[in-house]
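1. Dropping the sequence and predicted coords here.
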Amino acid sequence: MSTITIPAQREPELLGQTVVVIGGSAGIGLETARRARAEGASVIITGRNRERLAQAANEIGAARTATFDANEGDQLASFFSSLEGPIDHVMVTAGAPHYRPPLEVPLDEARHGLTEHLLLALNVARNAAGKVRPAGSLIFMGGTGARRPRLGLAIVSTVTVAFPALIANLALELAPIRVNLIAAGFVDTPLSASLLGENLDRRRDELSASLPIRRVVGPADIAALAVHIMSNTALTGATYDIDGGQQLVS
């Protein structure tokens, strides 16, 4: 007579930990906060839109919210100063890529596009250094789509290539706090919808047909990777591609 073995229930991966998601009111940020909550974490989410942030907080049961623009250095510093007690992880999804043609964009706008994401990462690292527990983590969002030179993509391509170098160096500067980068291809989010407009459905169909995984990547895919990076304390200084194989076929 055979016996049936019932697997032991898995302990939540982030039980008792505190996760801050900067840009957590929608898309990848909201889904990461939701996943972290499901894994036992207490979650703090931030965003610029107060109403949308309150709705997201109520939806996932966030412990706290904060409304501010993460790219405003004084506001970011004030937020971290206001945190009571140490935290374990910070996930940054704030910001959007800049796709303006480099020879046509005003110089000030080009400077903004070249520096916004890099300076945000640096500023988060500076402010989080005294707040994150050892073996905790900072996770930033980058991309894969602009790694190869293409017409019109000089600004976003430069940032895409530079970001992993900054992350690797921050991992050394902040050790034993861990620093990692998630580099995504197309992700089906409200941000993608706003960038593509009426071309969104066509892009979804193209990717569903051409990607090796035969579907588009969604926020839940990114969230699963983010939570794994948070919980695996051997991971630091690295860039993790998640694009469904988009780089293999484009």
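-> All right, it came through fine.
2. which residues of this structure score low on pLDDT?
-> Applying pLDDT under 70 to the chain flags the ranges 1-8, 95-98.
3. The top strand by length along the chain: which residues count as buried?
-> Ranked by residue count under DSSP state E, the longest strand found in the chain is strand 132-143. Using 16 or more other CB atoms under 10 Å as the test for burial, strand 132-143 gives 132, 136-143. Glycine gets a C-beta too; all of them are placed from N, C-alpha and C.
4. One more: stretch 201-210?
-> Judged by neighbour count (16+ other CB under 10 Å), stretch 201-210 contains these buried residues: 203-204, 207.
5. So which of those residues belong to helices?
-> When DSSP state H is applied, those are split such that 203-204, 207 fall in helices.
6. Export those to JSON lines and append columns for distance to N49.
-> Below are these laid out as JSON lines (distance: CB to CB, whole Å):
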{"residue": "R203", "distance to N49": "25"}
{"residue": "R204", "distance to N49": "25"}
{"residue": "L207", "distance to N49": "28"}
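7. ok, now which ones touch A154?
-> Counting by CB atoms under 8 Å, 6 or more residues apart in numbering, A154 touches P102.
8. Please, which helix or strand holds L103?
-> Using DSSP states H and E, L103 sits in no helix or strand.
9. Return the distance of it relative to L151.
-> Distance, L103 to L151, by CB to CB, to the nearest Å: 10 Å.
10. go on, D74?
-> Separation of D74 from L151 (CB to CB) stands at 38 Å.
11. Same check on T239?
-> T239 sits at a distance of 25 Å from L151 (criterion: CB to CB).
12. if you count what's nearby, which of those two comes out ahead?
-> For T239 versus L151, neighbours defined as other CB atoms under 10 Å are more numerous around T239 (16 against 7).
13. so who does that one touch?
-> Contact partners of T239, counting by CB under 8 Å, 6+ apart, are 142, 163-164, 167, 180-183.
14. could I get these as CSV with secondary structure and distance to A125?
-> Shown next, in CSV, are the contacts of T239 (DSSP: H, G, I helix; E, B strand; the rest coil; distance: CB to CB, whole Å):
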residue, secondary structure, distance to A125
G142, strand, 15
F163, helix, 13
P164, helix, 15
I167, helix, 9
N180, strand, 12
L181, strand, 12
I182, strand, 16
A183, strand, 18
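15. so which of those would you say is closest to I60?
-> Of all the contacts of T239, I182 has the smallest distance to I60: 19.8 Å, by CB to CB.
16. ok, the closest one touching L225?
-> Yes: the criterion here is CB atoms under 8 Å, and I182 meets it with L225 at 6.0 Å.
17. So which of the two has more stuff around it?
-> I182 (23 against 19).
18. List every C-alpha atom in stretch 17-27, with coordinates, as CSV.
-> The C-alpha atoms that make up stretch 17-27 are tabulated as CSV, following Å, rounded to 0.1, in the frame of the first residue of the first chain:
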residue,chain,number,x,y,z
GLN,A,17,10.1,42.4,7.0
THR,A,18,9.3,45.9,5.8
VAL,A,19,9.3,46.7,2.1
VAL,A,20,9.2,50.3,0.7
VAL,A,21,8.0,50.6,-2.9
ILE,A,22,8.7,54.0,-4.5
GLY,A,23,6.3,54.3,-7.3
GLY,A,24,3.9,51.8,-5.8
SER,A,25,0.5,53.1,-6.8
ALA,A,26,0.2,51.3,-10.1
GLY,A,27,1.8,48.8,-12.6
